[in-house]
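>>> Any chance you can model this:
(chains A, B, C and D, ligands or ions: 4)
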Amino acid sequence: MTTGAIVRPYGDTTGDGMVQTSFTLPVPHGKLAEGAALQLATKMGLEPAMVVHSKPVGDGYTFFVVYGRANHLVDLSAVRVVERDYPLLAPKEANLAIRKGVRRRLTVVGACIGTDAHTVGIDAILNIKGFAGEKGLEYYRELRVVNLGAQVSVPRLIERCAVERADAVLVSQVVTQRDAHVSNTQEMSAAFREAFPAERRPVLVAGGPRFDESMAAELGVDRVFARGTTPAEVASFLVDALVTKGRAVSAGDQGRRSA
Amino acid sequence: MTTGAIVRPYGDTTGDGMVQTSFTLPVPHGKLAEGAALQLATKMGLEPAMVVHSKPVGDGYTFFVVYGRANHLVDLSAVRVVERDYPLLAPKEANLAIRKGVRRRLTVVGACIGTDAHTVGIDAILNIKGFAGEKGLEYYRELRVVNLGAQVSVPRLIERCAVERADAVLVSQVVTQRDAHVSNTQEMSAAFREAFPAERRPVLVAGGPRFDESMAAELGVDRVFARGTTPAEVASFLVDALVTKGRAVSAGDQGRRSA
Amino acid sequence: MPELDLDPEAVRTARRLAQRVGEPIVALAQQHTTVSVERATLRLAGLAGADPDGTPWPNRLLDTVRADVGIEHGVALPVWDALVRGAAGDLAELAAKAAVGSVRFRLPAGRDLVHARSAARKAVGAGVRTLDARRRERERLVKRWGDPPQQPWIYLIVATGDIYEDIPQAQAAARAGADVIAVIRSTGQSLLDFVPEGATREGYAGTYATSENFRLMRAALDETSAELGRYIRLTNYASGLCMPEIAALAGLQRLDMMLNDSMYGILFRDINPVRTFVDQRFSRQVHARAGIIINTGEDNYLTTADAVEAAHTVTVSQLLNESFAKEAGLADWQLGLGHAFEIDPELPESFRLELAHALLARQLFPDAPLKWMPPTRHMSGDVFRGYLLDGFFNLAGTLTGQGILLVGMMTEAVVTPWLSDRDLALQNVRYVRNACGGLAEDFHPPADGFIATRARQVLAESIDLLERILDHTEPTYGAGLLAAIADGTFGLMKRPADGGRGLDGVVRRADGYLNPAIDLLEAAS
Amino acid sequence: MPELDLDPEAVRTARRLAQRVGEPIVALAQQHTTVSVERATLRLAGLAGADPDGTPWPNRLLDTVRADVGIEHGVALPVWDALVRGAAGDLAELAAKAAVGSVRFRLPAGRDLVHARSAARKAVGAGVRTLDARRRERERLVKRWGDPPQQPWIYLIVATGDIYEDIPQAQAAARAGADVIAVIRSTGQSLLDFVPEGATREGYAGTYATSENFRLMRAALDETSAELGRYIRLTNYASGLCMPEIAALAGLQRLDMMLNDSMYGILFRDINPVRTFVDQRFSRQVHARAGIIINTGEDNYLTTADAVEAAHTVTVSQLLNESFAKEAGLADWQLGLGHAFEIDPELPESFRLELAHALLARQLFPDAPLKWMPPTRHMSGDVFRGYLLDGFFNLAGTLTGQGILLVGMMTEAVVTPWLSDRDLALQNVRYVRNACGGLAEDFHPPADGFIATRARQVLAESIDLLERILDHTEPTYGAGLLAAIADGTFGLMKRPADGGRGLDGVVRRADGYLNPAIDLLEAAS
Ligand code: B12
Ligand code: B12
Ligand SMILES: Cc1ncc(COP(=O)(O)O)c(C=O)c1O
Ligand SMILES: Cc1ncc(COP(=O)(O)O)c(C=O)c1O
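Numbers count the residues shown, from 1 in each chain, chains lettered A, B, ... in the order given. Ligands and ions are numbered 1, 2, ... in the order given. Next up, the predicted model:
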């Protein structure tokens, strides 16, 4: 561990540790509430902390803005990052890799599952129009995209995946209240494990703005994509998983697979 | 301790623990930086935490907005509050108490000490015009106010207090960078202790927006007033300390005192 | 208000075209009924509650009737025929018996038909009279407690998923300045072909729309209205597969505004277009009668399409919504036509483009309240920037005389609103309203300037689009609009007339179709 | 720009009155000198550095001269007389010798005086030529790298107290869009009667103004200017007891703007009024020559007085600052007259009042850049609200064509700006500028409307106040302005002409007073 690996928050001087925070406590506005806010700030490791704003909101609640010096050290060497562990391919390269590797088009089924109807994110990945200047997966000649749209139930998704012989399933989850995104995705992955034998289960990919990319195992999927994902990242991952790592059955062996 | 004494931050549901925070880390924008931000949030007790915004600022720094669930409990019964431990008096009552208790006018000397030139706060307490609809101490017939203004050095303050026979000294400190307010006030109180025998030392009061009212002992003063103080609070405290608690010498005994 | 130099002839043309586009759709609605229209009729007649599994009695009863005789003649004749026959003492008992298979329905004829019809009219008429009573009650309370002292009205959302958390939050919001409270629905409710029952505590990102939730919230807000001396309005969603029923429940529980768009369900919930248009007409007839203000959903287009490129689709939809609403009997003051501040803030002069669009709507619909929606898709996790954007949204609302201002939240891209978000948002609105309340006096976009030019351009593009819609032919229904929707004209979504959810609940009316609710509602308008 | 319907005659009257108020003050300045004016003269002649205790050589030398012969004839004659006499090889050596008492000064006469005078003129002339060279250098660099592409220029503060933290922060700010960087001074510096030496790292709430700090920062910004292809201007404070010396150092180190107000030191630092006016005139002559833009400090009044009640004191001060500045040789483009967005945001129509005040300034001083200051006193710990207020401040700046926009920080009431505060603040400015850049096209306050009426009222009150100032008599100096200042007319502070700090450094000029710097600077203008 290099010494450079330890950093602290920066207000206006190296090492000052300064952070801003705001929160509401269910305590009526007053000195007790301010004391409670300071206690919370202290427990968060802010010392000294200054309650710079407090305002009654609602009945018996107080909103606070607190500034203070965080006494924590951030150890960069201990940060676990899900780095891209596969090469980033341009559409042409991805197509070529698929053509060479499996000699058939790969089928990708996409959906917003559960009651979630936010399709803009998955459409950004799938539709030709794409995202951030990159074309979506429909633009890839060697990918066959079946976009099921919004509010797709897990049984329906599994049925369609079987019919379409999906190599990969892309599900999107945007609504996170009560951790809906987590439980929906877990339900989905469990159902796929039940419905398909391991070697025929499509690659499972989950995506959405509030996912944490390190949650793949917990969610039971092969990969998680979060905020700001671009189509090429997804296509490259699919090539890596299905072609390079050989999850997809190549054209010659397809008969066996569909048996 | 009642059960109601334990509370948690409130986002939109009781007990959800949600807080917002923002800070800058001296790490270039990217996945490592986001991981570092999450680590800091976790150390602050936010779990789960979501990095909802990250943006490069300056060279090699990243600014973050993080939302998360604080796992701390706030114990209201453990909150130490500096409650007003003296009665709040209207100007008339204060005047009467002084007239009855010490049979002479009390002298109050006010100043911004050190290099601080922010006089609006101390003026709000002292000037007739007052603050928040309350008249300032100059309005109290039984208080004689000497306002020395801004950037008063400690030696000059002590000299004037001796000359004016100050019963109380009110110092203001607004600038807090490098904890200037703390060190200036400590320097002031130490000098007063040196310059005056204990029984003749004026009551020392410090005030300013970023003081913590529980710091009196640490600062070596008799009382600390913070954000939003009103003149009546200060006048009432002075009456309590000088009259009720008998710190001020009454008119009959003044000869002895000045001896 | 500043005046844009719009050609009055162009405005007349646009409106005429919208009406022509709407005509075949109205005809379609008159030729069909849906399960939800029929259930709404039963609800107006007083049928409520659910079986032990939670399936509402209106659904149980309707399904049995449909199985026995179909619903192409309407549910009223077979149901009241059974009651007249003495199959049960009242609707509730009838539903319960039908559910266990102890009643069989038939299509009455001759004198039986006459009796059934008059019994149905009487029963449904009682419901319509309740709508009237609720409306008068509202008028009385508004008179007693007063309307908001200012324009625009301040519209705030609560969305905890739990009616018992919603209530105190709504009350707090009202105390902090909200004039209108909307209880957002749980995800998924729009696709349910039934209206859940009772007080509910477990919605996702919203709370179920139920009759009991409506009642609880309205009662709570009545309390707060009395306390504040200001009538706080309550909003919900007459949208999704149960649009007509929810409209009926809203009228019966004295809700004050309802989200109710002619195409939202089609485009954003993939609900069958015919189902939507039929349901929409009925629900609007109810709203008209109940004195409810509708809020249309044009803002939603701009969450998937670009707000500059697609500006004219908003105008076209407003014109269509207006035309459908007028046909259904709604008055101008009931038309909260939607639009939104959704232009990419990075675009040069984005704020002035917003002003141009907002003024165009203002001037096209001078007597409609207009519902002005805040930025959402360009909000990010940078809550500071979000708070600023919302301030400029509020300013645009003030400058252009919007009627209903849906308050934006700095956490739009993060979470459903927190208590503190709402408080901060109201503070933002108050600052702008207070500091710039009269700024419209100084706002005079020149006739040949950027703003007026842009407004004229959007109007011209709208006329163009309406003409293109009329040019569409559609094989099954022959209506230009259905074909245009199938084509992806709105919000970039393609929705064919024979696709989508809920199509199986659409039935072509037979000769002799009877729906006393429709008869009564149409008689009035 | 929108036009206010101001009576041109009233404008002329106001300006005439301001000049009449200023005249006796100018005469006063011409009749006096100060220790700092004399030290500045030595600095222009090249004297720099400090003794081992940190006392600058200009102070050591001046104090000795003063002790020996006084300074009523100016420091130049005794000093260059000593040099001509061969008491030392150069100024630095002379100062060192004087400090140890090995030189005695005298007032030369006859040929000695002629020699001393010409030597002094030569030495000081070299300094003035350096000012000229620096000015040409700036002009060249501005031509090479370019001015900001837009108005207003974006002015940002750094204030860490440590020049080595300031530098990267300033560079980051420039990269993020700042056009002007101001390094705020440490508290207390204004009361020092000497200019500290060297690079400094321990200021409180600001960094010491020193020649070396100036040089370091200017060099760093030159680097960044080259990188960005935009000339980044550097600002500091010619204010406090050493105003003339700091002005000289600024000119020598190619600073580009200086805070320099005619009354700030009197009112806010309790510096003696005569000292201030004398110092001010000299420093402005230097700024005029050096091509430096001055920023005046009217904004400060509004931190202690109410921004509505005292609006006219701002206008009066601007008129006085203009008149003093013109007399000292500054051109219109060099007058960054100050004003601020400090009206209580709770006041109804506060934003429109701000617009009225800002437009009044814009129209009274059409060719001056105007320095537009952000809200400070009504900022609170609610950083969200603060961010919003700053956005409306930015909007007012854009709508009313301000020249220099001092960027407001959401943490105004909390801390000196953080790195992230500055970045967020610039983002705020960028949004407003980009989204509303052309909004002035649509902004037309009617002649009989709220804004124009308010502007006329402030102008009338200003004329009134100027007349009242002229009516004041003052025993010692007979000048109306001094008496008015003693009365508490500005910012509510009472400052008698014979009180305040630094009075002992003021000396009435004797006959035969010589100051080659003043001669050279006046000859040019
Ligand atoms: C547009 C929008 C809508 C539109 C959706 C239109 C449509 N056809 O999608 C409409 C108006 C219909 C809508 C409705 C609702 N919405 Co909405 N909506 C938004 C909004 C404004 C933008 C979302 C968006 O389009 N982002 C742009 C895309 C490109 O980003 P993205 O989704 O993050 O996708 C990227 C990555 O995450 C990733 N990704 C995403 N999915 C996937 C999948 C895979 C496989 C991969 C690889 C990558 C990937 O790649 C994408 C590109 O980088 C957000 C607020 C905001 N500003 O974020 C609220 C928001 C998401 N909505 C919200 C809510 C609550 C609703 C409603 C439930 C409200 C209600 N009760 O009525 C309804 C109902 C919807 C439902 N049943 O789900 C909440 C969710 C709160 C939460 N965290 O739980 C938000 C955050 C607003 C808020 N603060 O309340 N909404
Ligand atoms: C007005 C103002 C000024 C005016 C001051 C005019 C004057 N005559 O006072 C001027 C323009 C001159 C000024 C200058 C500077 N200022 Co200033 N200024 C402010 C400002 C905008 C408002 C302060 C104020 O008047 N508050 C209103 C009063 C009523 O509130 P208050 O002081 O908190 O007082 C109340 C209580 O605290 C209490 N109280 C206060 N004192 C006392 C004393 C006693 C005995 C008692 C009982 C109670 C009490 O009672 C009062 C009533 O409730 C603040 C920002 C802000 N919005 O807070 C910055 C601020 C205080 N200034 C700041 C700075 C850095 C400066 C400068 C140093 C900048 C520079 N380098 O040039 C200069 C130099 C001043 C100096 N040498 O000290 C910083 C301080 C940062 C920090 N925390 O360290 C602030 C926070 C701005 C910022 N974010 O950078 N400033
Ligand atoms: C017109 C309209 N209907 C309905 C809704 C709500 O969606 P859902 O039908 O999924 O509850 C919205 C969302 O804002 C809307 O604008
Ligand atoms: C004109 C002017 N001079 C000087 C200053 C700085 O104060 P000081 O002289 O204490 O450094 C300011 C503060 O903003 C100012 O406006």
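>>> drop to CA atoms for contacts and neighbour counts, all remaining ones
OK.
>>> can you give me the strands for chain C?
Ranges of strands in chain C, per DSSP state E, are C:32-34, C:153-158, C:180-183, C:233-237, C:257-259, C:293-295, C:335-336, C:338-340, C:371-373, C:404-406, C:506-508.
>>> Doesn't A:A124 belong to a helix?
Yes: with DSSP: H, G, I helix; E, B strand; the rest coil as the criterion, A:A124 is located in a helix.
>>> which residues touch residue 116?
By default, I'm working from chain A. A:150-151, A:173-175, C:187-188 (C-alpha atoms under 8 Å, 6 or more residues apart in numbering or on different chains).
>>> should've been chain C
Counting by C-alpha under 8 Å, 6+ apart, C:A116 has contacts C:76-81, C:84, C:108.
>>> run the last query once more with 10 Å
Contacts for C:A116 (C-alpha atoms under 10 Å, 6 or more residues apart in numbering or on different chains) come out as C:76-85, C:107-110, C:122.
>>> Now, of those residues, which are buried?
Among the contacts of C:A116, those classed as buried by 16 or more other C-alpha atoms under 10 Å in any protein chain shown are C:76-84, C:107-108.
>>> Which of the residues you listed sits closest to chain D?
Nearest to chain D among those: C:A76, at 57.1 Å, using C-alpha to the nearest C-alpha.
>>> Throw the contacts of A:D116 into a markdown table and include secondary structure, thanks.
A markdown table is the format used below for these (three-state DSSP):
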| residue | secondary structure |
| --- | --- |
| A:A150 | coil |
| A:Q151 | coil |
| A:Q173 | coil |
| A:V174 | coil |
| A:V175 | coil |
| C:T187 | coil |
| C:G188 | coil |
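>>> List, out of those, those positioned next to ligand 1.
Among these, the ones lying near ligand 1 by C-alpha under 6 Å from any ligand atom are A:174-175, C:187-188.
>>> Make JSON lines out of those and add neighbour count, distance to chain D and pLDDT.
What follows is these, written out as JSON lines (neighbours: other C-alpha atoms under 10 Å in any protein chain shown; distance: C-alpha to the nearest C-alpha, whole Å; pLDDT from 0 to 100):
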{"residue": "A:V174", "neighbour count": "21", "distance to chain D": "26", "pLDDT": "94"}
{"residue": "A:V175", "neighbour count": "24", "distance to chain D": "26", "pLDDT": "91"}
{"residue": "C:T187", "neighbour count": "20", "distance to chain D": "30", "pLDDT": "89"}
{"residue": "C:G188", "neighbour count": "18", "distance to chain D": "34", "pLDDT": "89"}
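>>> any idea which of these is closest to B:G110?
Each of the ones next to ligand 1 among the contacts of A:D116 was checked against B:G110 using C-alpha to C-alpha; the closest is A:V175, at 57.8 Å.
>>> By proximity to ligand 3, which residue of the stretch 1-150 of chain A wins?
The stretch 1-150 of chain A approaches ligand 3 most closely through A:A117 (7.7 Å), counting by C-alpha to the nearest ligand atom.
>>> mind listing what the closest residue to ligand 2 within chain A touches?
Closest approach between chain A and ligand 2, counting by C-alpha to the nearest ligand atom: A:V52, at 10.0 Å. Going by C-alpha under 10 Å, 6+ apart, A:V52 touches A:34, A:64-68, B:209-210, B:227, D:380-383, D:411, D:413-414.
>>> Not counting its neighbours along the chain, what's nearest it?
Once flanking residues are discounted, A:V52 sits nearest to D:G381: 4.6 Å by C-alpha to C-alpha, 6 or more residues apart in numbering or on different chains.
>>> still on that earlier bit, now render the buried ones among the contacts of C:A116 as CSV, adding distance to chain D and pLDDT.
Formatted as CSV, these follow (distance: C-alpha to the nearest C-alpha, whole Å; pLDDT from 0 to 100):
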residue, distance to chain D, pLDDT
C:A76, 57, 98
C:L77, 61, 98
C:P78, 62, 98
C:V79, 59, 98
C:W80, 61, 98
C:D81, 64, 98
C:A82, 64, 98
C:L83, 63, 98
C:V84, 66, 97
C:L107, 65, 97
C:P108, 67, 97
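>>> Pull up the residues of the stretch 151-259 of chain A that are close to ligand 1.
Checking the stretch 151-259 of chain A against ligand 1 by C-alpha under 6 Å from any ligand atom, the hits are A:170-172, A:174-177, A:205-209, A:225-230, A:234.
>>> Which members of those additionally contact chain B?
Applying C-alpha under 10 Å from any C-alpha of the partner chain to these, one finds that A:209, A:227 fall near chain B.
>>> Pretty sure A:F237 sits against A:R223.
Yes: at 8.6 Å, A:F237 counts as touching A:R223 under the criterion of C-alpha atoms under 10 Å.
>>> overlap in contacts of those two?
The contact lists of A:F237 and A:R223 share A:V205, where a contact means C-alpha under 10 Å, 6+ apart.
>>> what's the neighbour count on the residue in chain A that ligand 4 sits nearest to?
As assessed by C-alpha to the nearest ligand atom, ligand 4 sits closest to A:D12 within chain A, at 19.7 Å. By the criterion of other C-alpha atoms under 10 Å in any protein chain shown, A:D12 has 23 neighbours.
>>> For the closest residue to it other than its chain neighbours, give me the pLDDT.
Nearest residue to A:D12, sequence neighbours excluded (C-alpha to C-alpha, 6+ apart): D:W418, at 4.7 Å. Note on D:W418: pLDDT of 93.
>>> now do A:I128
At A:I128, pLDDT is 89.
>>> residue contacts, it?
A:134-140, A:231.
>>> one more time with 7 Å, if that's ok
A:135-139 (C-alpha atoms under 7 Å, 6 or more residues apart in numbering or on different chains).
>>> Max pairwise distance over the contacts of A:V52: which two?
A:E34 and D:T411 (19.4 Å).
>>> Make sure I have this right: the residue of chain A closest to ligand 4 is in a helix.
No: read with three-state DSSP, A:D12 is coil and lies in no helix.
>>> separation between it and chain C?
19 Å (C-alpha to the nearest C-alpha, to the nearest Å).
>>> Let me know whether that residue touches D:L419 as I believe.
Yes: in this structure, A:D12 is within contact of D:L419 by C-alpha atoms under 7 Å, at 5.7 Å.
>>> Tell me the pLDDT of the one residue in the stretch 101-250 of chain C that gets nearest to ligand 2.
Per C-alpha to the nearest ligand atom, C:A176 is where the stretch 101-250 of chain C lies closest to ligand 2, at 24.7 Å. Confidence at C:A176, expressed as pLDDT, is 91.
>>> and what of the one 5 residues further on?
pLDDT, the model's per-residue confidence, is 98 for C:I181.
>>> Next up, the contacts around it.
Counted by C-alpha under 7 Å, 6+ apart, C:I181 has contacts C:155-157, C:170, C:233-235.
>>> Please tell me which one of those residues counts the most neighbours.
Neighbour count (other C-alpha under 10 Å) singles out C:A170 as the most crowded of the contacts of C:I181, with 30 neighbours.
>>> Just confirm that residue contacts C:I157, I think it does.
No: applying C-alpha under 7 Å, one finds C:A170 not in contact with C:I157, separated by 8.1 Å.
>>> one step back: check the contacts of A:I128 and tell me the two furthest apart.
Across these, the longest distance by C-alpha to C-alpha is 7.9 Å; it joins A:K135 and A:E138.
>>> Against D:G401, how distant is C:I451?
From C:I451 across to D:G401, the span is 20 Å (C-alpha to C-alpha, to the nearest Å).
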